[in-house]
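# got a sequence here, can you model it:
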Amino acid sequence: MIPNITRGSRMSGLLLYLASTDADKTRNSHTDPHLVAGDAAIMAWYDDGVLDRDDAVAIAKHLDQPRKSFGVEVLQKDFRWDAASKQRVEDGHKPADVWHCSLSLRAEEGSLTDQQWGDIANDFVDAMGFTEASGKAQCRWAAINHGTSENGNHHIHIAVSLVREDGTKASTHGDYKKAQQTCRALETKYGLEELSSIHSTRGYDRAEKATAIRDEREMHRSSLARKVRASASASGSEAEFVRRARDTGLLVRPRYAKNTTDVVVGYSVAERPAHGERPIWFGGGTLASDLKLGALREEWPDTPHQATEAAAEWNAAARNKRTVSRSGPEHATPPAEAWVEYTRNAAALADQLRTIPRDDHATWAKAARDVSGAFAAWSYRLEPTPGPLAATAAELSRTAQLRAPRQHSKPVVLPSIAGTAMLFMAASSKDKTAAQTALMVQLINTAFAVYEMHAQSGRSREAQRIRAVVEERLAPFTGTMPKAVLVSAGQQPAPEAGVTPRAIDIARRGMVPIRPGSVLPTTPTPATPATPARTYQPSRRDAGPGLDR
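Numbers count the residues shown, from 1 in each chain. Below you'll find the model as predicted:
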């Protein structure tokens with residue numbers, strides 16, 4: 001359940017909007033606005049009939065009565081943008097006696113009854129301290145059911161007067177954080193989908209879904225995110241990322257810092273449109289929070305040479321010209337030994353993750369990002385239409401996206417699988433190989449470690465989603481892979497040698513812990529230690545806003 005809080009000064013204006021059914025005057029027209037909860041007087045006067053303009057005016061007058069009777073004015077600080085200092089500065093105070101919050105469900109959750117919404121609304125205002133449950137005089141309030149929005153979200157609106165019945169002012173200190181915490185508690189109480197307070201993903205509105213179904217294709221943002229994630233994970237530099245993204249068929253354009261033509265602070269991508277159509281652009285941050293350019297740069301080295309090379313590729317992409325470099329790493333064929341090395345590193349990563357504290361969210365996000373990128377790259381190479389690999393990449397990407405990344409410490413150094421995506425992207429054939437099977441098993445093992453972390457942290461929704469996608473989508477796919485074999489260090493697995501069915505059996509059984517010994521080199525060899533080779537250091541490229549639209 002998602003709360004959205006605003007403050008204002010005109011109760012009548014808010015109630016007229018909430019009761020409006022005029023599709024020409026409101027972006028989200030309301031076909032059946034009606035009360036589901038409110039203070040005792042409101043509920044004694046009105047039933048669940050559709051509200052009209054006269055009702056809205058009367059309800060607003062009732063809610064506003066204590067403020068007018070006591071002559072109390074509730075103010076909040078007002079801010080303006082100062083162009084000279086490029087900062088927000090305080091600019092006096094403005095009236096703000098009306099507290100408004102919408103509570104909405106995700107489109108996939110369907111709808112609730114008026115009784116359910118009424119119970120939720122009463123519990124919500126109690127928890128926010130607006131009623132006598134706080135030990136103080138109550139605020140007058142009303143909750144109106146708006147039905148389903150144009151994006152498919154069933155929701156209600158709660159209007160509260162911040163002047164209590166005795167003329168005192170209600171405190172709204174920390175109301176945003178309190179509203180989020182209250183919604184998490186109400187989700188548990190009423191059996192709603194529990195949203196994570198740690199991770200945050202981008203949703204898809206109803207129009208996007210309808211268009212995708214009509215055209216029998218993948219949703220634009222989903223397809224773009226998969227290709228961008230694959231390209232970023234497979235790249236060792238920013239310039240290589242731009243070239244790889246363009247190689248997947250994407251249109252790429254940079255966003256420059258204000259008044260510059262060479263300082264790139266963000267980017268947008270689009271699928272190449274059919275003849276006669278216009279491209280639909282999405283900023284990196286609208287695809288996923290960890291696909292913002294600033295987040296991607298943390299994985300790449302930053303030197304003057306790298307910055308110059310990246311700027312040249314961005315400028316070529318902006319003009320839809322050929323790539324500047326035509327002999328980059330994306331054109332090289334990795335050695336056969338790389339499959340063994342990254343299989344070994346993936347196994348070491350899965351084992352080390354089980355020693356990472358569950359509350360080290362930055363490290364878990366980094367691991368999930370790397371594994372998600374590997375699956376996204378293989379999906380791009382192997383799946384003409386999104387399949388189990390794409391589904392696994394998308395599910396793991398949820399853990400890769402932190403709601404407030406700056407509030408977490410830096411991730412610890414882990415065994416590196418950064419080159420895994422590169423291996424899949426460079427695969428010369430779409431035929432599945434035994435080497436891929438061996439690597440796949442260890443990637444599944446890492447996915448299971450992420451699943452365990454969520455399950456042990458009490459995030460059952462996230463855990464169940466990962467388990468479901470691996471058991472129901474990925475396991476049947478892995479059952480079609482060639483059998484992996486025991487190999488010696490430096491050798492590539494080959495299907496002709498003696499085989500073991502363990503890898504495929506594990507995939508078929510789903511989320512069962514995998515231990516070293518089946519598809520790992522028989523000669524114990526320490527995993528290649530991870531080095532922070534791709535550490536991002538601030539440079540002139542960071543000038544400007546630094547956030548993707």
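
# so what touches stretch 391-400?
Around stretch 391-400, the neighbours that count as contacts under CB atoms under 8 Å, 6 or more residues apart in numbering are 199, 201, 222, 225-226, 229-230, 288, 290, 364-366, 368-369, 371-373, 375-376, 379, 447, 450, 454, 462, 465-466, 469-470, 473-474. Every C-beta, even on glycine, is put in place using the N, C-alpha and C of the backbone.

# just the buried residues of those residues.
Buried subset of the contacts of stretch 391-400 (neighbour count, 16 or more other CB atoms under 10 Å): 199, 201, 222, 225-226, 229-230, 288, 290, 364-366, 368-369, 371-373, 375-376, 379, 447, 450, 454, 462, 465-466, 469-470, 473-474.

# how close does residue 165 sit to residue 14?
Distance, residue 165 to residue 14, by CB to CB, to the nearest Å: 20 Å.

# of those two, who's got more company?
Shown here are residue 165 and residue 14; by other CB atoms under 10 Å, residue 14 has more neighbours (21 against 17).

# re the thing from before, among the buried ones among the contacts of stretch 391-400, which ones are in strands?
Nothing among the buried ones among the contacts of stretch 391-400 maps onto strands, per DSSP state E.

# shouldn't residue 425 be in contact with residue 230?
Yes: using CB atoms under 8 Å, residue 425 makes contact with residue 230 at a distance of 6.5 Å.

# ranges for the strands of the stretch 251-400 of the chain?
Ranges of strands in the stretch 251-400 of the chain, per DSSP state E, counting those that start in this stretch, are 264-271, 282-283.

# among those strands, which is nearest residue 332?
Nearest of those to residue 332, taken as CB to CB: strand 264-271 at 24.2 Å.

# the closest one packs against which elements?
With contacts defined as 3 or more CB pairs under 8 Å, 6 or more residues apart in numbering; DSSP states H and E, the packing partners of strand 264-271 are helix 220-234, strand 250-256, strand 282-283, helix 284-287, helix 293-297, helix 304-318.

# now the last one: average pLDDT?
Mean pLDDT, helix 304-318: 93.

# equivalent analysis for the fourth one, please.
Model confidence over helix 284-287, given as mean pLDDT, is 88.

# for that helix, C-alpha coordinates in PDB please.
This file holds the C-alpha atoms of helix 284-287, laid out as PDB (Å, rounded to 0.1, in the frame of the first residue of the first chain):
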ATOM      1  CA  GLY A 284      18.100   5.400 -17.100                       C
ATOM      2  CA  GLY A 285      16.600   6.100 -13.700                       C
ATOM      3  CA  THR A 286      13.100   5.400 -14.900                       C
ATOM      4  CA  LEU A 287      14.100   1.900 -16.000                       C
END
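
# which parts of that helix are buried?
So, applying 16+ other CB under 10 Å, buried residues of helix 284-287: 284-287.

# could you list the low-pLDDT ranges of the stretch 201-350 of the chain?
201-219 (pLDDT under 70).

# now the chain
Using pLDDT under 70, the chain drops low at 22-31, 78-92, 194-219, 403-408, 428-429, 484-549.

# the helices in the stretch 101-250 of the chain, which residues?
When assigned using DSSP state H, counting those that start in this stretch, the helices of the stretch 101-250 of the chain occupy the ranges 114-127, 175-190, 206-215, 220-234, 238-247.

# quick check: angle from the fourth one to strand 250-256?
This points to helix 220-234. Between helix 220-234 and strand 250-256, the angle comes out at 80 degrees (axes from the mean of the first three to the mean of the last three CA atoms, to 10 degrees).

# likewise the second one?
With the same axes, to 10 degrees defining the directions, helix 175-190 sits at 150 degrees from strand 250-256.
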